[in-house]
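In: Turn this into a model:
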Amino acid sequence: VPGFLSWFMILMPAIFSIYAPTFVIYFLICFVIFWLLKSISFATNIIRGYRCFVRTKKVNWLERLKNDYPKGMEETYHAIIFVVAKEPEELVIRSIKTYAEAAYPKDKVILVLGTEERVGEHGARLRKVVSEKFKDSFFAILATTHPDGIIGELKNSKSANSTWAARQLKIFIDKKNISAVNVISHNFDCDTRVEPQYFACVAHAFLSLDPEERVRTAYQPFHIYSNNIWEAPAISRIVAITGTFVALYNTFRQSYLHNFSSRSDCFQSVVNIDYWATDVIPEDSRQYYMSFFYYKGEYKVKPIYLPLHMDAVLADSYKKTIINQYRQLRRWAWGVIDFPFLVKKSLKDKNIPWSKKAFQIYQISENHLLWSVTPVYLTFLGWLPFIFNHDLGDTVLGYNFPAVATRILNFAAIGWLIMIYLNFLLLPPRPKKCPKFRYAEMVYQWLLAPVVSICFSSIAALDSQTRLAMGKYLEYQITEKAVRR
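Out: Residues are numbered from 1 along each chain as shown. From the prediction side, this is the model:
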């Protein structure tokens with residue numbers, strides 16, 4: 001259905017441009033007004049989000065945690081589920097170092113290093129190096145090895161490794177008489193670095209809720225893709241920066257805030273849904289829908305305004321970087337596979353009101369539709385009625401439309417201008433090896449935004465939706481991560 005709807009919404013205006021150009025112009029006027037309202041909402045929310053970030057970052061969350069919930073803090077553990085495949089050792093060590101140096105009692109933090117059997121010696125070396133280097137930095141380090149070739153699992157799937165590691169964690173805490181209700185699990189990608197106060201901040205949010213509510217709540221930070229932002233090429237930077245601010249924007253749209261990428265949960269919640277789906281891409285959004293049905297529509301995602309720092313897409317060559325960037329966005333867009341899952345579960349479910357289920361179906365449909373068609377509408381559709389009808393410009397409507405649409409879209413650009421400004425406030429210090437003119441590149445890189453939005457957003461989304469419609473399922477492809485020294 002999503003693929004059909006997206007292609008219909010692209011092709012029908014194109015056809016109507018030939019036979020009913022006036023209708024298309026009115027439709028486009030409505031769309032650019034809709035986009036203006038979206039842009040105003042986007043600008044407002046990213047400003048609010050940035051202010052929340054600044055306020056949150058100023059707080060000493062460890063001290064506040066000790067003062068507000070001293071007993072709860074003693075009972076609460078953090079478990080970092082950190083899965084790797086072929087990623088560079090240096091990248092892994094950099095990430096884990098931030099966990100070890102975080103402002104939180106070391107005897108309350110468990111590191112679960114999940115490696116893959118299929119990578120052979122590299123995985124064994126990572127287990128040895130991490131265990132030796134950080135042996136005194138955590139309550140325990142669990143080094144697990146996910147067996148290759150388990151029937152029913154998606155090949156190369158991160159979620160299969162995460163689930164295997166999480167099951168080993170459950171065995172470990174049971175032996176230690178630690179309740180899963182008192183464990184906050186963090187499912188981190190291998191490039192994820194934390195703010196010093198991150199664990200304390202999440203623990204405070206966790207303990208501020210009633211015990212029953214803690215279990216049916218996820219804790220979702222926004223991500224700043226800044227670890228290598230100065231080294232990444234312009235296309236990767238555009239995608240990374242846009243991703244950061246879209247996530248920040250969604251923190252104020254509670255009903256649109258879902259589990260995404262690196263995130264935190266009550267571990268009991270993960271156990272209750274039998275961990276993560278091992279046969280689909282992506283597992284993060286699937287976790288949301290599995291939890292939604294398990295908790296009978298009473299599952300929610302709480303925003304955390306202390307961010308996680310992650311990498312922009314960067315490989316060892318420009319060509320590989322571009323390919324990997326497209327594949328990453330296509331993998332994210334493959335979340336459209338949750339649509340049939342959601343519809344089937346909704347039809348079978350007898351506990352959740354249909355109003356809640358219908359909203360979830362509408363929401364996923366709207367998200368993937370706008371993802372695929374918006375760049376096409378804003379870039380191409382306005383030209384088509386005039387290309388197919390040369391006399392259209394002589395009419396009052398045709399004469400005035402370009403000027404009116406341009407003015408509206410220019411005003412709508414305020415969202416992008418604010419995003420560009422706020423991005424400079426979030427940038428890490430420029431490495432000495434990067435020239436100063438890179439600051440200027442951070443501005444004029446946005447001239448590539450139309451190309452990026454079409455090639456790496458719209459086409460990637462249509463690719464995923466069309467594959468799903470044709471039954472050509474996507475294989476999990478790990479995004480290569482290069483370390484520039």
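
In: the helices in the stretch 351-485 of the chain, which residues?
Out: Counting by DSSP state H, counting those that start in this stretch, the stretch 351-485 of the chain has helices at residues 354-379, 384-388, 396-412, 414-426, 438-444, 449-453, 459-470.

In: Buried residues, the fourth one. List them.
Out: Neighbour counts over helix 414-426 (16 or more other C-beta atoms under 10 Å) mark 415-416, 418-419, 422-423, 426 as buried. Where C-beta positions appear, they are placed from N, C-alpha and C, glycine not excepted.

In: how much distance is there from that helix to the middle of the chain?
Out: Put simply, helix 414-426 sits 19 Å off its chain's centre (C-alpha atoms, centre = their mean, to the nearest Å).

In: Equivalent analysis for the second one, please.
Out: With C-alpha atoms, centre = their mean as the basis, helix 384-388 stands 38 Å off its chain's centre.

In: Report the separation between residue 232 and residue 291.
Out: As judged by C-beta to C-beta, to the nearest Å, residue 232 and residue 291 stand 33 Å apart.

In: So which of the helices of the stretch 351-485 of the chain is the most surrounded?
Out: helix 459-470 (a mean of 20; mean count of other C-beta atoms under 10 Å).

In: got a list of contacts for that one?
Out: Contact with helix 459-470 is made by 2-4, 6-7, 326, 329-330, 333-334, 336-337, 339-340, 368, 371-372, 473-474, as judged by C-beta atoms under 8 Å, 6 or more residues apart in numbering.

In: again with stretch 56-67
Out: 73, 103-104, 195, 197, 200-201, 203-204, 207, 305-306.

In: tell me which residues form a beta bridge with residue 301?
Out: Listed by DSSP bridges, the beta-bridge partners for residue 301 are residue 218.

In: of all the helices of the stretch 351-485 of the chain, which lies closest to residue 110?
Out: Minimum separation from residue 110 across the helices of the stretch 351-485 of the chain (C-beta to C-beta) falls at helix 414-426, 30.2 Å.

In: for the closest one, what is the average pLDDT?
Out: Averaged across helix 414-426, pLDDT comes to 94.

In: per-residue confidence for the residue of the chain most remote from its centre?
Out: Distance from the C-alpha centroid of the chain peaks at residue 394, with 46.7 Å (C-alpha atoms, centre = their mean). Turning to residue 394, the model gives it a pLDDT of 88.

In: do residue 477 as well
Out: Residue 477 carries a pLDDT score of 66 in this model.

In: Also residue 474?
Out: On the pLDDT scale, residue 474 is placed at 80.

In: State the number of residues packed around it.
Out: 19 (other C-beta atoms under 10 Å).

In: residues touching the closest residue to it other than its chain neighbours, list them.
Out: Counting by C-beta to C-beta, 6 or more residues apart in numbering, the nearest residue to residue 474 once its immediate chain neighbours are dropped is residue 334, at 4.9 Å. Applying C-beta under 8 Å, 6+ apart, one finds that residue 334 lies in contact with 281-282, 464, 467-468, 474.

In: hmm, try it at 7 Å
Out: Contacts for residue 334 were tallied using C-beta atoms under 7 Å, 6 or more residues apart in numbering; they are 281-282, 464, 474.

In: Among the residues you listed, show me the least confident.
Out: The minimum pLDDT among the contacts of residue 334 falls on residue 474, with 80.

In: buried set for the strand or helix carrying residue 247?
Out: Assignment of secondary structure by DSSP states H and E places residue 247 within helix 234-250. By neighbour count, with 16+ other C-beta under 10 Å as the criterion, the buried positions of helix 234-250 are 234-245, 247-250.

In: elements contacting whatever helix or strand comes next after it?
Out: Using DSSP H and E, the next helix or strand after helix 234-250 towards the C-terminus is strand 263-266. Using 3 or more C-beta pairs under 7 Å, 6 or more residues apart in numbering; DSSP states H and E, the elements in contact with strand 263-266 are strand 183-188, strand 217-224.

In: any chance of those in JSON lines, with mean neighbour count, distance to residue 170 and mean pLDDT too?
Out: Formatted as JSON lines, the entries for those read as follows, by neighbours: other C-beta atoms under 10 Å; distance: least, C-beta to C-beta, whole Å; pLDDT from 0 to 100:
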{"stretch": "strand 183-188", "mean neighbour count": "25", "distance to residue 170": "9", "mean pLDDT": "98"}
{"stretch": "strand 217-224", "mean neighbour count": "24", "distance to residue 170": "18", "mean pLDDT": "96"}
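
In: Any chance of JSON lines for the ones you listed, columns distance to residue 456?
Out: Putting these into JSON lines (distance: least, C-beta to C-beta, whole Å) gives the following:
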{"stretch": "strand 183-188", "distance to residue 456": "25"}
{"stretch": "strand 217-224", "distance to residue 456": "18"}
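
In: right, so of those, which gets closest to residue 92?
Out: Between residue 92 and these, the tightest spacing by C-beta to C-beta is seen for strand 183-188, at 11.0 Å.

In: contacting residues around the closest one?
Out: Around strand 183-188, the neighbours that count as contacts under C-beta under 7 Å, 6+ apart are 76-82, 162, 173, 202-203, 206, 262-267, 270.

In: quick one: strands adjacent to that strand?
Out: According to DSSP bridges, the neighbouring strands of strand 183-188, each with its direction, are strand 77-83 (parallel), strand 263-266 (antiparallel).

In: Restricting to C-alpha, output that strand in CSV.
Out: Written as CSV, here are the backbone C-alpha positions of strand 183-188 (Å, rounded to 0.1, in the frame of the first residue of the first chain):
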residue,chain,number,x,y,z
VAL,A,183,18.2,-2.4,34.8
ILE,A,184,18.3,0.3,32.2
SER,A,185,19.5,-1.2,28.9
HIS,A,186,21.2,0.9,26.3
ASN,A,187,21.2,-0.5,22.8
PHE,A,188,24.1,1.4,21.2
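
In: how many degrees apart are that strand and strand 217-224 in direction?
Out: Orientation note: strand 183-188 sits at an angle of 30 degrees relative to strand 217-224 (axes from the mean of the first three to the mean of the last three C-alpha atoms, to 10 degrees).

In: How far off centre is strand 183-188?
Out: When distances are taken as C-alpha atoms, centre = their mean, strand 183-188 is centred 16 Å away from the chain's centroid.

In: Please apply the same query to stretch 462-478.
Out: On the basis of C-alpha atoms, centre = their mean, the separation between the geometric centre of stretch 462-478 and that of its chain is 19 Å.

In: next one: stretch 358-366
Out: 18 Å.

In: what's next to it, contact-wise?
Out: Everything outside stretch 358-366 that qualifies as a contact, by C-beta under 7 Å, 6+ apart, is 2, 5, 255-256, 292, 338-339, 342-343, 346.
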